[in-house]
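S.K.: Sequence first, then the predicted structure, then my questions.
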Amino acid sequence: MNSNKIALLTYSTKPRGGVAHTLSLAESMTALGQEVHVYALATGKEFFRDVDVPHTLIPCPDTAYSTMDEKIKSYIEIYTEYLKSMTDEYDLFHAEDCISANALFNLRNMGLINSYVRTIHHVDDFTSPSLIECQLKSIVEPDYIIAVSKFWEKDLRNSYSLSPVVINNGVSTSNFAKITESKEKSKHKFNLSEDKVLLSIGGIEPRKNTLTTLKAYAIARSELKEKGENLVWLIGGGETLFDYRDYRDEFFSEVDSLGLELDKDIFVLGNVPEDKMPSLYNAADIFAFPSIKEGWGLVVLESMAAGVPVIASGVEPMTEYLIDEENALLISPMDYQDLAQKISLLLSNSDLQKHFIKKGLSTAKMYSWQNAARKHIEFYNQILNQDSKLKVVGND
């Protein structure tokens, strides 16, 4: 297997799916003999977890931009300027998001690189003109496209006449195989007692459909209360580049109107340190993920790897690895009553829980970062071997 020098680019150091993908992929490719260097924009913060590969955090002022358009333009310019002097150090540049992809587009226009790769995790429905332009350029301009699922490969082919290669995400099953503490001990770490625990990862935002989970939680909590049991809801993660203030305001207003209390019924944890994530998953009795749109749904596989029964949206691409009533319970994303019913069903049926735990563990084992890394390296080698014009300037 050829050893290539790869620059792998992401837009942030925060615990978002694309950033987690970047780090795990970089580490796995390095373990297979590639020379990978990760670049990320950073406002003075390290990555959300320890990183076992060479990496550079590009200084990005923590500025209060007046508009999102101004922010995106600035981020692309900062990324572009920083990478200008790095173009002769790598065989290939690979962007994992629209901001870094736009920076590489600029470098190609300057004649500093001949080609670049972009992984598209999903296509967002932006309203900001700069984000719409940023995303469109990052889709149609790259020389090579990777999609993380068959669903997005089909969407990119039909909507943009592209021909992406499909390379699925992996999941670090070894991180969760190390869990040895009891569920009770894990719950205690999050100041919970004998409560039943519903877990969601992804923060409070429209794409994660948090309001639907809230309505379902309120119903399921009430049903359990009648049986003398208590159900709490933990919400982890949520740092993002985008401003979901209006949606968050609506969420907290609905919490009040439902008679629920923060830090008693609902715990908004924000970003949980990486070393505590196995305990967070282990503290959960059920993982709820009625997301409206996903690139792959990595946290679903993480939940399965941690032995947590999953209730998720029955939408592509998650149906590429989830089968209703086989390894998960699937719902229509906006059907909060069905979600509530399935939460109550799982919590009241230990045999059903054991079934989904067993099937979930088997599913998670089918997806490894090592396999994903091997497929990336094979793809890189195809690119680099096609024609000398595909090589980065300075490596002829």
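M.R.: Received it, and whenever you're ready, just let me know what you need.
S.K.: Do a quick rundown of the strands in the stretch 251-396 of the chain.
M.R.: 266-270, 286-289, 310-313, 329-331 (DSSP state E, counting those that start in this stretch).
S.K.: Pick the most deeply packed of those strands.
M.R.: Mean neighbours per residue, mean count of other Cβ atoms under 10 Å, is largest over these for strand 286-289, with a mean of 27. C-betas here are computed from N, CA, C, even on glycine.
S.K.: List the contacts of that strand.
M.R.: 197-202, 208, 213, 216-217, 281, 297, 299-300, 303, 308-313, 339, 343, 346-347 (Cβ atoms under 8 Å, 6 or more residues apart in numbering).
S.K.: want to throw the strands of the stretch 251-396 of the chain into a markdown table with mean pLDDT and distance to residue 159?
M.R.: Listed next are the strands of the stretch 251-396 of the chain as a markdown table, based on pLDDT from 0 to 100; distance: least, Cβ to Cβ, whole Å:
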| stretch | mean pLDDT | distance to residue 159 |
| --- | --- | --- |
| strand 266-270 | 94 | 35 |
| strand 286-289 | 98 | 25 |
| strand 310-313 | 98 | 21 |
| strand 329-331 | 98 | 25 |
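S.K.: just so I know, which of these lies nearest residue 41?
M.R.: strand 266-270 (20.1 Å; Cβ to Cβ).
S.K.: what packs against that closest one?
M.R.: On a contact count with 3 or more Cβ pairs under 8 Å, 6 or more residues apart in numbering; DSSP states H and E, strand 266-270 meets strand 231-236.
S.K.: Now do the buried residues in the helix or strand residue 223 falls within.
M.R.: Taking DSSP states H and E as the criterion, residue 223 maps to helix 210-226. Neighbour-count burial for helix 210-226 flags 210-221, 223-224 (criterion: 16 or more other Cβ atoms under 10 Å).
S.K.: With stretch 83-101 instead?
M.R.: 83, 86-87, 90-101.
S.K.: With stretch 275-292 instead?
M.R.: Neighbour-count burial for stretch 275-292 [16+ other Cβ under 10 Å]: 277-291.
S.K.: and of these, the nearest to residue 332?
M.R.: residue 290 (8.5 Å).
S.K.: What separation is there between the closest one and residue 24?
M.R.: 25 Å (Cβ to Cβ, to the nearest Å).
S.K.: list the helices and strands the lowest-mean-pLDDT helix or strand in the chain packs on?
M.R.: Ranking every helix and strand in the chain by mean pLDDT, DSSP states H and E puts helix 173-177 at the bottom, with a mean of 82. In terms of contacts (3+ Cβ pairs under 8 Å, 6+ apart), helix 173-177 is packed against helix 277-283, helix 298-305.
S.K.: Packing partners of the last one?
M.R.: The one in question is helix 298-305. helix 17-31, helix 173-177, strand 196-201, helix 277-283, strand 286-289, strand 310-313, helix 350-364.
S.K.: ok, back up a step: list the buried residues for the helix or strand that comes right after the least confident helix or strand of the chain?
M.R.: Using DSSP H and E, the helix or strand that follows helix 173-177 in sequence is helix 183-189. By neighbour count on 16+ other Cβ under 10 Å, the buried set for helix 183-189 is 183, 186-187.
S.K.: Over to stretch 354-366?
M.R.: For stretch 354-366, burial by neighbour count (16+ other Cβ under 10 Å) applies to 356-357, 359-361, 363-364.
S.K.: Now render these as JSON lines, adding distance to residue 245 and pLDDT.
M.R.: Shown next, in JSON lines, are the buried residues of stretch 354-366 (distance: Cβ to Cβ, whole Å; pLDDT from 0 to 100):
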{"residue": "356", "distance to residue 245": "36", "pLDDT": "98"}
{"residue": "357", "distance to residue 245": "37", "pLDDT": "97"}
{"residue": "359", "distance to residue 245": "39", "pLDDT": "98"}
{"residue": "360", "distance to residue 245": "35", "pLDDT": "97"}
{"residue": "361", "distance to residue 245": "38", "pLDDT": "95"}
{"residue": "363", "distance to residue 245": "36", "pLDDT": "97"}
{"residue": "364", "distance to residue 245": "35", "pLDDT": "95"}
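S.K.: quick one on the thing from earlier: could I get the helices and strands packed on helix 298-305 as a markdown table with distance to residue 133?
M.R.: Shown next, in a markdown table, are those (distance: least, Cβ to Cβ, whole Å):
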| stretch | distance to residue 133 |
| --- | --- |
| helix 17-31 | 19 |
| helix 173-177 | 38 |
| strand 196-201 | 30 |
| helix 277-283 | 35 |
| strand 286-289 | 31 |
| strand 310-313 | 29 |
| helix 350-364 | 38 |
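S.K.: where does the protein dip in pLDDT?
M.R.: Applying pLDDT under 70 to the chain flags residues 1, 239-243, 387-396.
S.K.: ok, now which ones touch residue 106?
M.R.: 76, 80.
S.K.: Beyond the helix or strand it falls within, next helix or strand please.
M.R.: According to DSSP H and E, residue 106 maps onto helix 98-109. Per DSSP H and E, the first helix or strand lying C-terminal to helix 98-109 is strand 117-120.
S.K.: who does the next helix-or-strand element following that following strand touch, helix- and strand-wise?
M.R.: Once strand 117-120 ends, the next helix or strand along the chain (criterion: DSSP H and E) is helix 129-140. On a contact count with 3+ Cβ pairs under 8 Å, 6+ apart, helix 129-140 meets helix 68-83, helix 98-109, strand 117-120, helix 150-160.
S.K.: If anything else comes up later, I'll come back, but that's it for now.
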